[in-house]
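In: Need coordinates for the below:
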Amino acid sequence: IYQRVALHPVGGPAAPFSGFRGSDHLLWGLVVPLAILISPAGDTLDLVAVNALLVFGIIYVTRGAAILTWFMRSKSPLGSVGLGLLAVAALFVLPIAGSGLLLLGIVDTWIDIRRRPTPPPSTRGELP
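Out: Numbers count the residues shown, from 1 in each chain. The predicted model follows:
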């Protein structure tokens, strides 16, 4: 939005949403608050931990949504109308979809889902 609104925008255009990544170290922003919630830390620390879980959870849900966007753009046989209908249907299962996107974002920390591995060179029909 900044690039379209500003009279003299600074910097280049933003990267596409499908390329969104947070730092992999942000996973500690989920682990530490969970540890605080499990321990008998007190009401004040529990409130801080719940708020930290909300912030870092949203970061990972956004990362999962970026992966889903990348997947739909690269391999979707549905077309734009089918993807629109799928988005409307997803509103009815939003709590389940949100937790699925959270898990997808966390899994992307260890398994780079958007990285396409190069196939090994073929040795079929070649003699050593």
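In: how close does residue 7 sit to residue 112?
Out: 39 Å (C-beta to C-beta, to the nearest Å). In this view, the C-beta of every residue, glycine as well, is placed from N, C-alpha and C.
In: residue nearest the centroid of this structure?
Out: residue 63 (1.4 Å; C-alpha atoms, centre = their mean).
In: Can you give me the buried ones in the host helix or strand of that one?
Out: For residue 63, the host element (DSSP states H and E) is helix 43-75. Residues of helix 43-75 classed as buried: 49, 52-53, 56-57, 59-70, 72 (neighbour count, 16 or more other C-beta atoms under 10 Å).
In: cool, and stretch 102-114?
Out: Applying 16+ other C-beta under 10 Å to stretch 102-114 flags 102, 104-106, 108-109, 113 as buried.
In: ok, residues contacting it?
Out: Here stretch 102-114 makes contact (C-beta atoms under 8 Å, 6 or more residues apart in numbering) with 18-19, 21, 24, 27, 30, 57, 59-64, 67-68, 70.
In: ok, these vs residue 12, which is closest?
Out: Of all these, residue 19 has the smallest distance to residue 12: 13.5 Å, by C-beta to C-beta.
In: Count the neighbours of that closest one for me.
Out: Look at residue 19: counted by other C-beta atoms under 10 Å, it has 11 neighbours.
In: Report the contact partners of the closest residue to it other than its chain neighbours.
Out: Among residues not flanking residue 19 along the chain, residue 66 sits closest, at 7.0 Å (C-beta to C-beta, 6 or more residues apart in numbering). Applying C-beta under 8 Å, 6+ apart to residue 66 gives the contacts 17-21.
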